[in-house]
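Asks: fold the following for me, if possible:
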Amino acid sequence: MNYKISYLPKNKWKNYPLDMEFKTHYFYDFEINDNNDRVDISFILKKSDEELNCPIDCDFPEILYPSYYKNCKAFGVLENDNLIACIQINLEYSNRLRLTTIWVKEDYRRQGIGTLLFKYIEKYALKIKARAIILETQSNNVVSIDFYKKMGFEINGFDKSCYSNFDKEKKNIRLELVYYLN
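Replies: Next up is the predicted model:
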């Protein structure tokens, strides 16, 4: 199917809620081995005995144009005036483009819409001469991590206490990914 990406104006789409919930049995665990003069960090794909529901303890529901992003823009795919997919970006002070949201309605997943949205933003980032595209995801969002790796992203860092003091136990570590632009 041929999907068209359109700009989603802030005055119409501000605070539009997105259902980002997913369920999984897989997560990336991490190990840190600190041997005085060398620190090794490993991310290891593991299977959980229990189903992991995400987001876990979410204080910030996912919406378009949240007030904490000052330079935000959103683009989406509409079908009969219904939003079926979107991507939201925020230009940061360091000339990096933060991909704050990429969302595809469940019935439309695995049809290439996510790839189409990412390629659209990649062209946009090159046009504005951004140096990289960055994003945050969670260590238990394995489907998204696999998608981002397929697009060319790599791990740029992690935060093992971003969401709570028990992120490792909840199998929900914040991962930062980067896609370098040429």
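Asks: in this protein, which spans are helices?
Replies: Remark: helices assigned in the chain by DSSP state H are 10-13, 113-127, 142-151.
Asks: looking at those, which is nearest to residue 4?
Replies: Minimum separation from residue 4 across those (C-beta to C-beta) falls at helix 113-127, 9.6 Å. To be clear about C-beta, it is placed using only N, CA and C from the backbone, and glycine gets the same treatment.
Asks: sketch out the low-pLDDT regions of the chain for me.
Replies: 1, 54-61 (pLDDT under 70).
Asks: what do you get if the cut-off is 50, keeping everything else the same?
Replies: Within the chain, the ranges that satisfy pLDDT under 50 run 56-57.
Asks: so which residues of it form strands?
Replies: Taking DSSP state E as the criterion, the chain contains strands spanning 5-7, 22-34, 39-54, 72-79, 82-91, 96-104, 132-138, 154-159, 174-180.
Asks: next, format those strands as a markdown table and append distance to residue 111 and mean neighbour count.
Replies: A markdown table is the format used below for the strands of the chain (distance: least, C-beta to C-beta, whole Å; neighbours: other C-beta atoms under 10 Å):
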| stretch | distance to residue 111 | mean neighbour count |
| --- | --- | --- |
| strand 5-7 | 14 | 13 |
| strand 22-34 | 17 | 14 |
| strand 39-54 | 22 | 11 |
| strand 72-79 | 10 | 19 |
| strand 82-91 | 9 | 20 |
| strand 96-104 | 8 | 22 |
| strand 132-138 | 21 | 21 |
| strand 154-159 | 26 | 14 |
| strand 174-180 | 22 | 19 |
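Asks: got a markdown table for those, with distance to residue 144 too?
Replies: Listed next are the strands of the chain as a markdown table, based on distance: least, C-beta to C-beta, whole Å:
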| stretch | distance to residue 144 |
| --- | --- |
| strand 5-7 | 19 |
| strand 22-34 | 8 |
| strand 39-54 | 10 |
| strand 72-79 | 18 |
| strand 82-91 | 13 |
| strand 96-104 | 8 |
| strand 132-138 | 5 |
| strand 154-159 | 13 |
| strand 174-180 | 10 |
